[in-house]
Each structure stands twice: as C-alpha cells, then as structure tokens.
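Asks: A structural model of the following input is requested.
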Amino acid sequence: MFTLSDKQRVINTPDSVRVFSSAGVERTTAAAVAATDKLLIEGFGHFELSAITDIQLRRGRAAVNESKDFTVTAPAGIAIGEVVELRVEVDTTRYQSELAVASKLGRTRTFSLTTKPLAAVAAADIRTALVTAYTDFIAEFPTAAFPFSVASNGAADIRLTTLSGYESVSFKRVEIRRSAQGIGSQNWVALALNATVATAFEGEGLGKFLEESIRMATPGNVDPYGVDTADTRVDLRGTYSALYFKVSAPYTEKISTIAADHGPLPATHEFVLWMNEATCLAANGAADKLAAVAILRAAALADLTATVTAAPLTLAQETSEVLILADGSSVATSAAFIA
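Replies: Next up is the predicted model:
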C-alpha cells in the first residue's frame, strides 16, 4: 500500500523476494548475492543494489506483560478486625474501553479491592489478605474485565502482573488504606516499588497491529492503494520482520514541467516490507537474501554498519546498524539475523 511518506507491503511467502545478477541469473543462495546485483520485490519492482542509499532489517518482537513487586507496609493505627482497601492506578498507551473513565476521555479508571476483616496486622498478613481479596473477587465475578493479577512474593511483597491482551498497561501507583466503621476517612499509603520484573511492551511487527495500522484493503476490493494479492494478507497470529530501505536514482525518462526538454531528474523513494517470520526466515529465503543485501550496502556506505553489538544500542547505532534482532542487539551476518 501507499502512505504519504513511503510504500509498504506485507508478504507471507519468500518467493516474493528475488535477487538477480547483472546477467539476469537468479541468485538461489544468500551467499551468492553480489554488490552488482538487482533486487526484485513483488509489488515494489526492480532495484539496482547500488541505488539503495539506506537499509535496515529488524526482527519482530513479542509483547511483554508488565510485572512489578510492591512492598506492603501496615498503615498507622491498623487494628485487628479492620479491613484494608487496595487501589491500583494504571497507564496505557492504547485506548481500551474496559480501562477508560467514562467521563474523562484519555484517562484510565482506578481498580480497587477490599480485604476481609483482618485477623492479624503485620505487613505479611496484610499482603496475604490482599491476595485473598483478589482471588475472591475473580471467583465472585469470573467474567469481569480485570487487567492484572495479584500474587504474593517475598516476605511482604505483592506482585502485580498484567494479563494477556493488556501488554499496553503499566502500573502507575499502588496504594492501600485502613477502613473501619467510626474511624473516618483515612489517608492512602503509597506502596514502594521493590522490583520491576518485566516492563510493559506491546510488541513490534505483530500481525494484529499490522492489520490495524498497515493493511487498508483486501484483494477483493478496488482500492488502488490497498493490498493487491492474497499473499499480502496479514496473519493475525504471526510475527513479522521489517525491512526499510531507501532508493535514490534518476528517472530515465526526460520529464519536465516546461516545454523544453529536461532530464533525467533525480528520484528518492522509501519502502517498508513486512515479512512473515514463520515462512520468510529460512536459509536462503527472503530475509536471508535481504540481510545479505544490507551487509553489502553497509560495506559500501559510510553511514551504515553491520557489526555485532550487544543490547541496548545507542541512538547512533540504532540508526546505522542494518541487522537488529528482537532483543535489541545487532549482528553482522545474514545467518545470525535469521537464527
């Protein structure tokens, strides 16, 4: 499809990417790809490798559910027989109706629980009561949209972990307060973050997000800017590696806005290709050959590099490295990229 800035395409079969020698002989292996070759990507066209001025391949990344440990402290004055309220505030990078505050667009609602009357008031006892309260809530409302779980960890920690489908959610604030008849409204006590087990990440190159934000049409409609073949349908369950490249070459036609002959004119185009990792990562497949192309261009262009660098990459390395893995590191060979 076309966007205002570049042309994007989804492929699910490796045959959509082919490389030919200057004599027209197809390269069947990634190792055979040479700097003088020509790249063919169905839907994009033919490109001389020497015309590629920028290129980067990046593996897809799985979504990560946030998980954090908060240390429970006993509120001042807490007594046996009182209850404790738990309040959890979350942030999200996406709009999800079950998290939204109906009267405040863009805000997330607060989730709260109340324990049963406490039989003991040590921090560990309160922690256990909070976990039990969550278990009781789920049992009472099994179809409720509760975006995270609550579990015990360590001496007096509660571990909050977002559930599947809520990878965009992160924990903003966790608080508790004592509650009992006749004591009036009590102040909330913020629980200190003890450890971050995992940080929320929505994933990169996931099929469900490509369907939502990249694909605009189906092979059956007449949208000229939409997807044009059945091979470009998005697998919602799949993970896709991304190829970005820029081509700068002159038009061979003599094009002008005036009557006098003028040309050829320079042209720059940018492309993004999403490759299904289930089918395109095999040896000598689409990703393997494109990675070989990227390494050749890195050798020819001063602002591109193909080196082995551990994560996290610096901003400069993020810009220059041509082969970046899912863990954020970079590699120097096509074999390492598809491994």
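
Asks: what residue ranges in the stretch 101-250 of the chain are flagged as low confidence?
Replies: Confidence mapping of the stretch 101-250 of the chain against pLDDT under 70 gives the ranges 101-107, 214-230.

Asks: just the helices in it please.
Replies: All helices of the stretch 101-250 of the chain, identified by DSSP state H, counting those that start in this stretch, fall at 123-140, 207-213.

Asks: From V272, how far off is the closest residue to C280 other than its chain neighbours?
Replies: Excluding the flanking residues, the one nearest C280 by CB to CB, 6 or more residues apart in numbering is A286, at 4.2 Å. Quick note: C-beta positions are derived from backbone N, CA and C, even for glycine. Here A286 is placed at a distance of 14 Å from V272 (CB to CB, to the nearest Å).

Asks: who's more crowded, the two?
Replies: Remark: of A286 and V272, A286 carries more neighbours, 28 against 18, as counted by other CB atoms under 10 Å.

Asks: gap between the more buried one and K208?
Replies: The value you get for A286 to K208, if CB to CB is used, is 22 Å.

Asks: looking at it, the residue nearest to C280 is touching W274, isn't it?
Replies: No. At 10.9 Å, A286 does not count as touching W274 under the criterion of CB atoms under 8 Å.

Asks: Now the common contact residues for those two.
Replies: Applying CB atoms under 8 Å, 6 or more residues apart in numbering, one finds that A286 and W274 are jointly contacted by I11.

Asks: returning to what we had before: relative to L193, which of the helices of the stretch 101-250 of the chain is closest?
Replies: helix 123-140 (14.8 Å; CB to CB).

Asks: what's the offset of the closest one from the middle of its chain?
Replies: Distance of helix 123-140 from the chain centroid (CA atoms, centre = their mean, to the nearest Å) equals 33 Å.

Asks: same for that helix, what does it pack against?
Replies: When contacts are defined as 3 or more CB pairs under 8 Å, 6 or more residues apart in numbering; DSSP states H and E, helix 123-140 packs onto strand 83-92, strand 111-114, strand 148-153, strand 157-162.

Asks: Let me see the contact set for I158.
Replies: Contacts of I158 (CB under 8 Å, 6+ apart): D69, F70, V72, R127, L130, V131, V150, A151, S152, V174, L191.

Asks: Oops, could you answer that again for G154 instead?
Replies: Here G154 is in contact with D69, N194 (criterion: CB under 8 Å, 6+ apart).

Asks: Quick check: it vs T13, distance?
Replies: Taking CB to CB, one finds G154 at 49 Å from T13.

Asks: Okay, domains of the chain per the record?
Replies: For the chain, automatic domain parsing gives the domain ranges 7-62+204-253+263-338, 67-198.

Asks: Out of those, which is the most enclosed?
Replies: When the domains of the chain are scored by mean count of other CB atoms under 10 Å, the highest mean neighbour count falls to domain 7-62+204-253+263-338 (a mean of 17).

Asks: Now the terminal residues of stretch 39-47, how far apart.
Replies: Criterion CA to CA, to the nearest Å; first-to-last residue distance in stretch 39-47 is 5 Å.

Asks: Please name the residues that touch the residue lying closest to I338 once chain neighbours are set aside.
Replies: In space, and not counting its chain neighbours, I338 is closest to L281: 4.5 Å by CB to CB, 6+ apart. If a contact means CB under 8 Å, 6+ apart, then L281 has S241, M275, A287, D288, I338 as its contacts.

Asks: could you measure the closest residue to R94 other than its chain neighbours against W274, distance?
Replies: Counting by CB to CB, 6+ apart, R94 lies nearest to S168, which is 4.3 Å off, once chain neighbours are set aside. Going from S168 to W274 by CB to CB gives 20 Å.
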